[in-house]
Structure formats: C-alpha cells, structure tokens
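S.K.: turn this into a structure:
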Amino acid sequence: MRGGIIIGRKIREWYPGAVYHVVTRGNRKEDIFLSKEDYRQYMSYLNLVCKKHPFKLYSYCLMGNHVHLQMATIDCEIWRIMRGVNWLYSMYFNEKYGLVGHLFQDRYFAELIKTESYLLQTSRYIHLNPVKAGFVDKPLKYLWSSYGVYMGLRRDALVSEEIILGCMFNGSRVLYKEYVECEDEEGGNKTGTVDIV
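M.R.: As a prediction, the model looks like this:
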C-alpha cells in the first residue's frame, strides 16, 4: 500500500527461454540452511520441480541465508518454478525445526539476463559468492555450488554447464576456471554484477 492506494506487484517479464539470475533470501536475513541435509533437500526439491516445470539450471550457489540460481525457463513461467521450490522447502524446514511462518523474505529477486556477456558475468559472480563472503579462499572448496560440476569433479544431471562453457571457452573447463578465478590489477576479483544480498 502506498499513500492509501493498494499497489499490485509488478508482473515479471517472461517468455519461453527467458534466462534469470534468481536470488531468494531468508526472512530477516536468517539462515535457511542449518545442516548438510538441508542443502541436499533444497537440491532435491529443485530436481522435483524441474520434472513438473522443466527448466535449465546453468549455475547455482546455496549460501547460509540465501540462494543464487542462474536458470533458463523452457515453457513455464519463472514464478511457477520458484513458488514450487520455495513452498516445498519452507514446508520441510518449518516441519523439521518446529517453526511457523515465512521462511523467505518477501518475493524472490529475479533479474532477466539478455546478453551473453551478462550470462557469463552472472555465472562467475555466483561461483565466486562463497569467496566474497569469506567462506573459502577458492570457489572449488565450497561444496554447495555448481563450480565442481564446471570443473569436471562431479556430475549433476540438473546442471547444464555446456551453455556457459560453449559461450567463449569452446567447452574448455580450464579456460572457464581462468575466467572465474582471475584477479584484477588491484588484487580483487572482478564480479561485474551488483551485490544484491
């Protein structure tokens, strides 16, 4: 409500094949993952929802109090996908920990990705998130992201890394690693995206 007038939510732009950087954060910035089982359960719900509302997951990172997803829709709106995942995970989390009420803060953030350069920057930003947060010194050390898939160290049928790797790396994991982990002249990692959490 603004000035006594009820304002509806802005409709998100969507079309088949739309690609998004999605961020969903815990209510009051509280943790939404309290155990290894929680991280695994969130991923299992992503897989479950993908079977009902197919999408392509390009990259992801599950942090303590928020989640980053880079995903392409196919023939289903982004809100259906995120509503399914967040509802299932909220029910699981609240039941497991004896809680009630909202687990996630507001509606998820979803930024439409329209260029190849931004597609690459977003993937890099997501994979560097644990480094920027100080959880690890190298992105490969963080277990709850898709970076290990990109480096060929594990398989995940949900992750479609070939799109990102094919953009300018000719499928080379080595070139992608150099792109993600290179540092600028001042010694800081280049992210190319705005920190929204």
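S.K.: run through the neighbouring helices and strands of the longest helix along the chain.
M.R.: Using DSSP state H, we find that the single longest helix of the chain is helix 78-97. Other elements packing on helix 78-97 under the criterion 3 or more Cβ pairs under 8 Å, 6 or more residues apart in numbering; DSSP states H and E are strand 19-25, helix 36-52, strand 66-73. From N, CA and C alone the C-beta is placed, and that goes for glycine too.
S.K.: try it again at 10 Å.
M.R.: Identification of packing neighbours for helix 78-97 by 3 or more Cβ pairs under 10 Å, 6 or more residues apart in numbering; DSSP states H and E yields strand 19-25, helix 36-52, strand 55-62, strand 66-73, strand 109-113.
S.K.: so which of these is nearest residue 179?
M.R.: Among these, strand 55-62 comes nearest to residue 179, with 12.7 Å by Cβ to Cβ.
S.K.: next, the buried residues of the longest helix of the chain.
M.R.: Applying a neighbour-count criterion of 16 or more other Cβ atoms under 10 Å, one finds 78-79, 81-82, 84-86, 88-90, 92-93 buried in helix 78-97.
S.K.: which one of those residues is nearest to residue 167?
M.R.: Closest approach to residue 167 among the buried residues of helix 78-97 (Cβ to Cβ): residue 78, at 21.5 Å.
S.K.: and residue 87, what is it in contact with?
M.R.: Applying Cβ atoms under 10 Å, 6 or more residues apart in numbering to residue 87 gives the contacts 45, 49, 103-104.
S.K.: who wins for neighbours among those?
M.R.: With neighbours defined as other Cβ atoms under 10 Å, the most crowded of the contacts of residue 87 is residue 49; it has 22 neighbours.
S.K.: that one contacts residue 78, correct?
M.R.: No: contact criterion Cβ atoms under 10 Å: residue 49 and residue 78 do not qualify, at 11.5 Å.
S.K.: what is in contact with the two at once?
M.R.: Shared contacts of residue 49 and residue 78, defined by Cβ under 10 Å, 6+ apart, comprise residue 55.
S.K.: and the longest helix of the chain with helix 36-52, angle?
M.R.: With axes from the mean of the first three to the mean of the last three Cα atoms, to 10 degrees defining the directions, helix 78-97 sits at 150 degrees from helix 36-52.
S.K.: coming back round to it: among the contacts of residue 87, which pair sits farthest apart?
M.R.: Taking Cβ to Cβ as the measure, the contacts of residue 87 have their most distant pair in 49 and 103, spaced 16.1 Å apart.
S.K.: most centrally placed residue in this structure?
M.R.: For the chain, the residue nearest the mean C-alpha position is residue 69 (1.7 Å; Cα atoms, centre = their mean).
S.K.: quick one: residues contacting that one.
M.R.: Applying Cβ under 10 Å, 6+ apart, we find residue 69 in contact with 20-24, 46, 55, 57-62, 78, 81-82, 85, 108, 110, 126, 146.
S.K.: and what of residue 135?
M.R.: Shown in contact with residue 135 (Cβ under 10 Å, 6+ apart): 63-64, 129, 141-142, 144.
S.K.: compare those and tell me which is most surrounded.
M.R.: Among the contacts of residue 135, residue 129 has more neighbours than the rest - 23 neighbours, counting by other Cβ under 10 Å.
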